[in-house]
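# I need the structure of the sequence given here:
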Amino acid sequence: MIKMLLLRASQVSFLSLALSSNVYSSFYVGASAGHQSATVRKDTNVFFGAVRPATLNKSGGNAIVGSLYGGYGYLIPNRNLYVGIEAFASLSSLQTKQTQAYGLTSSLLKATLRDSYGLSIKPGFVFNNILGYLKIGGAFSNWSFKSSWILANVPDKTVKKYVPGFEAGIGFEVPLKQKLSFGIEYSSTFFTQTNVSNFSTAGQQISLHKIRPQTNNFSARITYKI
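This is a model prediction of the structure:
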């Protein structure tokens, strides 16, 4: 009786390991959707009127984000250790606004995020067929920064560029069928600094904004193994 129970346990363990290996060692594609939030930090120097030190302000925003992704994952046999590499492309409707008063005038900065692209590595561990992983990589995001002043002779200044950033996150994935799985993921991206300057029509520099965005994504994922 004991031998039969031990045999059954070993068979279940073998089948579980085989299922995990088959599910997680493959090329894959998928789609995700979820909530995106952002914090945009801004250091501002102004060069008119009384001399003022740089002022630090920050604004926030929320949006829906959707992504397509693809990659390759490999489950190391008999160790339940996982390593993967993944590329993604996403679309967002994120926008933040912040206003800062300077005497009788004020400045307005709008930051808008449209699309992002990135590549990451995913080390992880499989327990009871559930994959837990870390996400570490880089992203390039299409940001637009528009700086405006309530001054008659200062035109608006808009800077549009792909800004690089460092991405880190954590996720979990569980198989639904042999080739289909469901997961959740949380990640943050810390972007490098972008400078935006305003000049008067006479060529005098009015302000310098030093802008550093950060985004946070929480998404549900559906993955198909190829």
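
# following the lowest-mean-pLDDT helix or strand in the chain, which helix or strand comes up?
Ranking every helix and strand in the chain by mean pLDDT, DSSP states H and E puts helix 2-24 at the bottom, with a mean of 46. For helix 2-24, the following helix or strand on the C-terminal side (DSSP states H and E) is strand 26-46.

# export whichever helix or strand comes after that following strand as PDB, just CAs?
Downstream of strand 26-46, the first helix or strand assigned by DSSP H and E is strand 55-76. Provided in PDB are the C-alpha atoms of strand 55-76 (Å, rounded to 0.1, in the frame of the first residue of the first chain):
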ATOM      1  CA  THR A  55      11.400  75.300  -7.500                       C
ATOM      2  CA  LEU A  56      10.500  71.700  -7.400                       C
ATOM      3  CA  ASN A  57       6.900  70.600  -8.300                       C
ATOM      4  CA  LYS A  58       5.300  67.400  -9.300                       C
ATOM      5  CA  SER A  59       2.000  66.400 -10.900                       C
ATOM      6  CA  GLY A  60       0.200  63.100 -11.300                       C
ATOM      7  CA  GLY A  61      -2.100  61.500 -13.800                       C
ATOM      8  CA  ASN A  62      -4.000  58.200 -14.500                       C
ATOM      9  CA  ALA A  63      -4.900  56.400 -17.800                       C
ATOM     10  CA  ILE A  64      -5.600  53.100 -19.400                       C
ATOM     11  CA  VAL A  65      -2.700  51.300 -21.000                       C
ATOM     12  CA  GLY A  66      -2.700  48.400 -23.500                       C
ATOM     13  CA  SER A  67       0.300  46.300 -24.700                       C
ATOM     14  CA  LEU A  68       1.300  43.600 -27.100                       C
ATOM     15  CA  TYR A  69       4.400  41.500 -26.200                       C
ATOM     16  CA  GLY A  70       6.400  38.500 -27.200                       C
ATOM     17  CA  GLY A  71       9.400  36.600 -26.000                       C
ATOM     18  CA  TYR A  72      11.000  33.300 -25.100                       C
ATOM     19  CA  GLY A  73      11.000  31.600 -21.700                       C
ATOM     20  CA  TYR A  74      13.000  28.600 -20.500                       C
ATOM     21  CA  LEU A  75      12.400  26.500 -17.400                       C
ATOM     22  CA  ILE A  76      15.600  24.800 -16.100                       C
END
